[in-house]
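Engineer: fold the following for me, if possible:
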Amino acid sequence: MDEDLKRIAARIRSWRDEAGFTLQQLGDRSGVSASTIHKIENLQTVPTIAVLLKVANGLNRRPSELLAEVEVGRQVSVLRRDARPRLTVKGHADLEHLVGMIPRNKLDVWRLRIHPGMGAGPPGTEAWQFQGEMVLLVEDGCIDAEVGGERFQIYAGDSLHFDSSLPHRWIAANEKTATCVVLAMMPERLQADLMARIAAASGRSPLSRVDGLPMDPSLPSIRST
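Structural biologist: Residues are numbered from 1 along each chain as shown. Next comes the predicted model:
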């Protein structure tokens with residue numbers, strides 16, 4: 001049986017026991033039938049992403065905790081260079097996840113190689129906006145950024161730190177590919193979407209199924225408070 005599926009099943013059962021929920025109580029909280037939760041815990045079914053998101057919400061857990069390679073009880077995660085998850089969004093960007101996940105993490109770090117004219121909130125799409133902070137550290141090329149109506153050009157070696165509750169967008173400028181490290185306090189929806197894409201791209205079960213989760217080929221626009 002796939003180790004990812006075993007780990008997810010064990011975590012759901014452990015969290016349910018810790019919270020003191022019966023199968024029916026968790027089913028009522030999550031909108032997933034008690035029989036489906038029973039099958040997930042006992043490795044009798046491969047759940048979709050949509051179901052996993054609902055169950056995690058019913059347990060008051062972050063979806064990213066289900067995907068973490070480390071044991072949930074640990075507060076330290078080491079991610080080796082050769083083990084970094086990677087994702088290519090054809091025609092838009094190559095993403096590399098730079099940190100391992102810890103329970104209830106708030107900070108996330110990515111390296112993005114962005115195609116010319118692409119990025120967060122490219123022309124014709126809505127600007128990003130969510131509660132938190134973001135840092136862009138440009139390693140190569142140039143980023144055109146707009147934050148709260150003010151425009152910035154960020155070159156290799158420069159960084160941009162801003163309140164992400166302001167409407168913002170940033171794209172690779174000058175018709176050249178740009179590489180940057182992104183540090184962000186990200187909303188759960190965006191984290192879950194990125195991790196689901198990586199799992200789907202790598203063909204890892206059960207996360208290769210993304211039924212019910214929007215998979216826009218561009219980086220998603222987020223408006224959340």
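Engineer: now do the strands in this protein.
Structural biologist: With strands called from DSSP state E, the chain shows them at 86-89, 93-97, 107-114, 119-120, 133-140, 142-147, 150-155, 159-163, 168-172, 178-185.
Engineer: which one, of these, ends up nearest to residue 55?
Structural biologist: Residue 55 lies closest, by CB to CB, to one member of the strands of the chain: strand 107-114, at 21.8 Å. The way it works is simple: take the backbone N, C-alpha and C, and place the C-beta from them, glycine included.
Engineer: that closest one packs against which elements?
Structural biologist: strand 93-97, strand 178-185 (3 or more CB pairs under 8 Å, 6 or more residues apart in numbering; DSSP states H and E).
Engineer: return the distance of the first one from the chain's centre.
Structural biologist: What it means is strand 93-97. The chain centroid and the centroid of strand 93-97 are separated by 12 Å, computed with CA atoms, centre = their mean, to the nearest Å.
Engineer: how close does residue 110 get to residue 132?
Structural biologist: 14 Å (CB to CB, to the nearest Å).
Engineer: which of the two has more neighbours?
Structural biologist: Taking neighbours as other CB atoms under 10 Å, residue 110 and residue 132 compare with residue 110 leading, 20 against 14.
Engineer: got the contact list for that one?
Structural biologist: Going by CB atoms under 8 Å, 6 or more residues apart in numbering, residue 110 touches 95-98, 181-182, 184, 194.
Engineer: what is the nearest of those to residue 76?
Structural biologist: Out of these, the member with the shortest distance to residue 76 (by CB to CB) is residue 98, at 15.7 Å.
Engineer: and the closest one, its phi and psi?
Structural biologist: Backbone torsions of residue 98, given as degrees, to the nearest 10, read phi -100, psi -10.
Engineer: wait, isn't it in contact with residue 182?
Structural biologist: No. With contact defined as CB atoms under 8 Å, residue 98 does not reach residue 182; the gap is 9.2 Å.
Engineer: need the residues touching each of these two.
Structural biologist: Shared contacts of residue 98 and residue 182 (CB under 8 Å, 6+ apart): 109-111.
Engineer: between these, which sits nearest residue 44?
Structural biologist: Of all the shared contacts of residue 98 and residue 182, residue 110 has the smallest distance to residue 44: 35.1 Å, by CB to CB.
Engineer: buried set for stretch 126-146?
Structural biologist: For stretch 126-146, the buried set under the neighbour-count rule, 16 or more other CB atoms under 10 Å, comprises 127-130, 134-138, 141-146.
Engineer: oh, I was asking about stretch 95-105
Structural biologist: 95-98, 100-103, 105.
Engineer: sorry, back to before: closest one of the contacts of residue 110 to residue 56?
Structural biologist: Lowest distance from residue 56 to these (CB to CB) belongs to residue 194, with 15.4 Å.
Engineer: can I see the domain layout of the protein?
Structural biologist: Using automatic domain parsing, the domain parsing of the chain gives 3-61, 81-191.
Engineer: what's the closest of the strands of the chain to residue 80?
Structural biologist: Residue 80 lies closest, by CB to CB, to one member of the strands of the chain: strand 93-97, at 12.2 Å.
Engineer: with that, I have no additional questions.
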